[in-house]
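Asks: Need coordinates for the below:
(chains A and B)
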Amino acid sequence: MKKLINSPDEVVTDALAGIAAAHPGLSVDTKARVITRSAQTRIGKVALVSGGGSGHEPLHGGFVGTGMLDAACPGEVFTSPVPDQMLAAAKSVDGGAGVVFVVKNYTGDVLNFRMAAEYAEEEGISVQTVLVDDDVAVQDSTFTAGRRGTGATLLVEKIAGAAAEFGGSLAEVAATGRRVNAASRSFAVALTSCTTPAAGRPGFDLPEDEIEVGVGIHGEPGRSREKIRPAKEIVADAMAAILEDQPLESGEEVIALVNGLGGTPLLELYIVFGEVASVLAARGVRIARSLVGNYVTSLDMAGVSITLCRADEELLALWDAPVNTPALRWGV
Amino acid sequence: MGRAGEHPRAAVGGLTVTVLLDADGVRGWMAGMAKAVDRERDRLTELDAAIGDGDHGISLQRGFTAVEAALSAASAGTPGAVLMLAGRTLVSSVGGASGPLYGSALRAMGKALADSGGADAEQVVAGLAAARDAIAALGGARGGDKTMLDAWIPAVDGFDSAVAAGEALQAAALAAAAAAEGGAEATVPLEARKGRASYLGPRSVGHLDPGAASTVLLFRALADAVQVTGG
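Replies: Residues are numbered from 1 along each chain as shown, chains lettered A, B, ... in the order given. The predicted structure follows:
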């Protein structure tokens, strides 16, 4: 497997150096492994901190900036960051109004953020955690680690980030984030596995004519393996899984995110979006806002995730609010 | 190979020793674990790639390498203090679920040993039980969930039974390592209910749990560390 790296051990460090060089609006501590906005947090503004394993870029570092995150903590590839990183981030960006941790629901992320929250509280920083668990492919929540956090993470970070920018209190910003998560459902399909730099070969073998249905974002296999079919049929199944879990009535509005997992061309993502739009149109559901691109990726995995967030006026206003980050920018 | 401290005890017809787990013993244990993780890194990673995300071997290697560095920079201390430092270092260097779980386990054991200068078999088993309980409390898993607890639970039980039967530390640690191995093997037919493998549902069946596999290494390293060499 060919990769544009210097050494498997230096992937995260080298990428952080590149992020620092490319984005003067960001301040990158390559030693502590924390990405923050260059500007200090406004006194009284709630700060948002997220983080997770590397390999999902632009998540999370690409979402640091006005209107979204205050800091991101990148772990090793597909490995959650350590509590020291989140503590350093919280201390660095706390503006006195407290810190919201946005945490994708994976055991490692949950445990490390929980320890970080305890450390931060010990240092006098108030912390609220918003757990993102939007992936409907994990069906039996009672007997699993619970649903995974995937595409909805972007929506939570954008909308809660706007709420913080507008002066929301710690409780309000956290509640807004939780509301976005509760209103969101996602489903992903992989056409290929992905290759971590350290492993050097794909995480699982997938024959040329087969797809993994219901995958997460760490190259882990999905719930089932099926033959490749036309996009229309694959999307129909994904949408059925989402809509079965969260039925949407005629007249309702959604924010629709069609997200590439890293190795699928935008051309195909638009084909998928077209199919998503057809399914929603047939049910009378209106796409109020849309986003198509590679935002929550899984290294070089080919595939797509679909996220629908049931929207209302407040969420749409927060979605439309200005955002200025490396990966998401509008209204500025 | 680490060495355990020897505390002579009067005996008829010669010298018998009661082996205690002292600070050097814990250092030997951690060094042995670091070596084992180096050796088994690829196997752990392959086990994890089958049902998880394939970072277990690499993560533990990073962690125990950091533990060795931290311990060599620190002064002798008590076994409890050495374990606390090892645990803190794992939490700060590993990430993933294994960092907090192994880190909290070692810290809990260190706390349980308090300021004892050398832990006897009863104290060691109490410490290991505290470690097991810390893993269960943090991870929220139970026996049978196809996690590292499936090796920890029989290992601590095996240690406990051996001690109750009057076995010395060395024999009890060997029994615990064997029990850990049995527990790990028994995860193969299980369906994962915690951790990343749980997302696979029935597809997790037929695979050895990587956390249980690394737990076997930890108990084997402990058993090696308490064997008195040349004694």
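Asks: so where is the stretch 51-200 of chain A shaky, pLDDT-wise?
Replies: The model of the stretch 51-200 of chain A has pLDDT under 70 over residues A:139-144.
Asks: ok, now with 80
Replies: A:139-145 (pLDDT under 80).
Asks: Please apply the same query to chain B.
Replies: B:1-18, B:52-54, B:76, B:195-196, B:199-201, B:228-231.
Asks: Swap in 50 and give it another go.
Replies: For chain B, applying pLDDT under 50 flags the ranges B:1-3, B:7-14, B:229-231.
Asks: I'd say residue B:68 and residue B:35 touch.
Replies: No - shown here, residue B:68 and residue B:35 do not form a contact pair, counting by C-beta atoms under 8 Å, at 9.4 Å. C-beta: built from backbone N, CA, C; applies to glycine.
Asks: Give the residues shared as contacts by the two.
Replies: Residues within reach of residue B:68 and of residue B:35 at once, by C-beta atoms under 8 Å, 6 or more residues apart in numbering or on different chains: there are none.
Asks: what residues are up against the nearest residue to residue A:32 once chain neighbours are set aside?
Replies: Nearest residue to residue A:32, sequence neighbours excluded (C-beta to C-beta, 6 or more residues apart in numbering or on different chains): residue A:88, at 4.7 Å. Taking C-beta under 8 Å, 6+ apart, we find residue A:88 in contact with A:29, A:32, A:34.
Asks: just checking, next helix/strand downstream of the helix or strand where residue A:88 lies?
Replies: According to DSSP states H and E, residue A:88 maps onto helix A:83-93. Per DSSP H and E, the first helix or strand lying C-terminal to helix A:83-93 is strand A:99-104.
Asks: That following strand - contacts with which helices or strands?
Replies: When contacts are defined as 3 or more C-beta pairs under 8 Å, 6 or more residues apart in numbering or on different chains; DSSP states H and E, strand A:99-104 sits against strand A:47-54, helix A:83-93, helix A:107-122, strand A:127-132, helix A:152-165, helix A:170-182.
Asks: cutoff 6 Å now
Replies: With contacts taken as 3 or more C-beta pairs under 6 Å, 6 or more residues apart in numbering or on different chains; DSSP states H and E, strand A:99-104 sits against strand A:47-54, helix A:107-122, strand A:127-132, helix A:152-165.
Asks: quick one: which of these is nearest chain B?
Replies: helix A:107-122 (3.9 Å; C-beta to the nearest C-beta).
Asks: Go ahead and produce PDB holding the CA coordinates of that closest one.
Replies: Presented in PDB, the C-alpha positions along helix A:107-122 are these (Å, rounded to 0.1, in the frame of the first residue of the first chain):
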ATOM      1  CA  THR A 107     -15.600   3.200  24.400                       C
ATOM      2  CA  GLY A 108     -12.100   4.700  24.100                       C
ATOM      3  CA  ASP A 109     -13.300   8.200  23.500                       C
ATOM      4  CA  VAL A 110     -15.900   8.000  26.200                       C
ATOM      5  CA  LEU A 111     -13.400   6.700  28.800                       C
ATOM      6  CA  ASN A 112     -10.600   9.200  28.000                       C
ATOM      7  CA  PHE A 113     -13.000  12.200  27.900                       C
ATOM      8  CA  ARG A 114     -14.600  11.000  31.200                       C
ATOM      9  CA  MET A 115     -11.200  11.000  32.900                       C
ATOM     10  CA  ALA A 116     -10.400  14.400  31.300                       C
ATOM     11  CA  ALA A 117     -13.700  15.800  32.600                       C
ATOM     12  CA  GLU A 118     -12.800  14.700  36.100                       C
ATOM     13  CA  TYR A 119      -9.400  16.200  35.800                       C
ATOM     14  CA  ALA A 120     -10.900  19.500  34.500                       C
ATOM     15  CA  GLU A 121     -13.500  19.700  37.300                       C
ATOM     16  CA  GLU A 122     -10.700  19.200  39.800                       C
END
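Asks: Helices of the chain, residue ranges please.
Replies: Since you didn't name a chain, this refers to chain A. For chain A, the helices defined by DSSP state H occupy A:11-22, A:83-93, A:107-122, A:152-165, A:170-182, A:231-245, A:266-283, A:313-320.
Asks: Sorry, I should have been clearer: chain B.
Replies: Applying DSSP H to chain B gives helices spanning B:23-51, B:56-73, B:79-93, B:98-113, B:121-139, B:149-164, B:169-185, B:210-226.
Asks: Could you give the separation of the last one from the chain centroid?
Replies: It refers to helix B:210-226. The gap between the average C-alpha position of helix B:210-226 and the chain average comes to 5 Å, counting by C-alpha atoms, centre = their mean, to the nearest Å.
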